[in-house]
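A.B. asks: just the structure for this:
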Amino acid sequence: AIKNFPQLEKEQLKFKDDQLIKQIESSDQAASNAWYAQLNASDEGLKNNWKNNINDDNWAEMNIPGYWSNEPIGKVNGVVWFKKEIDVPQNMLGKPAKLLLGRIVDADSVFINGNFVGTTSYQYPPRRYLFNAGVLKAGKNTVIVRIVNNSGNGGFVLDKDYLLTAGNDTINLSGKWKYKLGAASKPSPSQTFVRWKPVGLYNAMIAPLANFNIKAALWYQGEANTYNPKEYFSLMKTLISDWRRTFHNQNLPFIYVQLPNFMEAKEFPSESSWAELREQQRNLLAEKNTAMAVAIDLGEWNDIHPLNKKDVGIRLALQAENLIYGDKKTVFAGPTFKSITAAGNHLVLSFN
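C.D. replies: All right, here's what the predicted structure looks like:
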């Protein structure tokens, strides 16, 4: 299949060299280790044990959620420490508790009253930290968050939940937090994800399954292709054909998710590579035994990995009931656009 795309094949042939892969991975790892070692060694917060309840009189203040590039500290990469004091009522004690910190760019380590409660190493997962009953105390409690920002704008992603819950009680953590720079740094060195190179994932994750009986394929992807949406149709058409050959089934059902909404709404109409890719996905329905679950209403403007996967799964299941299991009674999708015609000063839309 890769031979249909000469540039991708050229890259694939390059990475057949195991020695090259070892060299790249070794070099990347050494650069990453050196960056983190330098960052940790220069972090004033680690040197002076800021995770405990230290004097914050000379710390600045900002609203959370938000990004510190909009604050006097400016656009800086490295480590920034955040602190918030909260009053915990007696009725929240003696219960398992949960800390929700939305999403953070990029990595975080979190402490409550000096106790470590959780860490996440990159920006995309939602921050949900469960901890035991003995961590909280009645009255004043201190939440400390150490953020490592590798590149771009560091901080707390907007329009997410920032809460502390125990039992049926909740404390809202949005609002004023204290913050202080621990260490400034150049952006972290980029990494080469060899496994994401052409045919890398196929060789590791699809080819080994070739002798299994596969009922169907469910596919949710496309975000990484929005830089060149025009190519997506031919890539997907080739992939579907190749998988059907791999699994010895020329009619293998292939059900996929159309990209959801993402990024801030624009005030005026404009070009959108995301919309263009969704149209390429719609065109893919011309391939036999395919179906598409629409998810335009299930995304989040501020999250390329929206949390609501349950409804995505339900819509895929409805498509499967119709396409694979022949259930013609279930309503498996909404109307699909068919055509548009001009009628005087009106435009008439028709749907299947």
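
A.B. asks: what about the strands in the stretch 251-352 of the chain?
C.D. replies: Counting by DSSP state E, counting those that start in this stretch, the stretch 251-352 of the chain has strands at residues 254-257, 290-293, 337-343, 346-351.

A.B. asks: of these, give the one that comes closest to Asn40.
C.D. replies: Among the strands of the stretch 251-352 of the chain, the nearest to Asn40 by C-beta to C-beta is strand 254-257 (40.0 Å). All C-beta atoms are positioned from the backbone trio N, CA, C, and that covers glycine.

A.B. asks: now do the helices in this protein.
C.D. replies: 6-14, 18-42, 44-47, 200-201, 232-246, 273-283, 310-323 (DSSP state H).

A.B. asks: elements contacting the fifth one?
C.D. replies: This means helix 232-246. For helix 232-246, the packing partners by 3 or more C-beta pairs under 8 Å, 6 or more residues apart in numbering; DSSP states H and E come out as strand 254-257, helix 273-283.

A.B. asks: ok, the first one next?
C.D. replies: Identification of packing neighbours for helix 6-14 by 3+ C-beta pairs under 8 Å, 6+ apart yields no helix or strand.

A.B. asks: could you shift the numbering so residue one becomes 34, and keep it that way?
C.D. replies: Yes, from this point I'll number from 34; that puts the last item at helix 39-47.

A.B. asks: please point out which parts of that helix sit buried.
C.D. replies: Leu41, Gln45 (16 or more other C-beta atoms under 10 Å).

A.B. asks: coming back round to it: any chance of the helices of the chain in a markdown table, plus distance to Tyr289 and mean pLDDT?
C.D. replies: Output for the helices of the chain, formatted as a markdown table (distance: least, C-beta to C-beta, whole Å; pLDDT from 0 to 100):
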| stretch | distance to Tyr289 | mean pLDDT |
| --- | --- | --- |
| helix 39-47 | 20 | 96 |
| helix 51-75 | 30 | 97 |
| helix 77-80 | 45 | 97 |
| helix 233-234 | 16 | 94 |
| helix 265-279 | 8 | 97 |
| helix 306-316 | 7 | 97 |
| helix 343-356 | 9 | 98 |
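
A.B. asks: with distance to Arg179 as added columns, please give those helices in TSV.
C.D. replies: Converted to TSV, these look like this (distance: least, C-beta to C-beta, whole Å):
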stretch	distance to Arg179
helix 39-47	38
helix 51-75	10
helix 77-80	6
helix 233-234	33
helix 265-279	40
helix 306-316	34
helix 343-356	33
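
A.B. asks: which one of those helices lies closest to Ala171?
C.D. replies: helix 77-80 (27.4 Å).

A.B. asks: what about that closest one, distance to the chain center?
C.D. replies: Distance of helix 77-80 from its chain centroid, counting by C-alpha atoms, centre = their mean, to the nearest Å, is 30 Å.

A.B. asks: likewise for stretch 118-136?
C.D. replies: Worked out by C-alpha atoms, centre = their mean, stretch 118-136 lies 26 Å from the chain centre.

A.B. asks: can you check stretch 365-381 too?
C.D. replies: For stretch 365-381, the distance to the chain centre is 34 Å (C-alpha atoms, centre = their mean).
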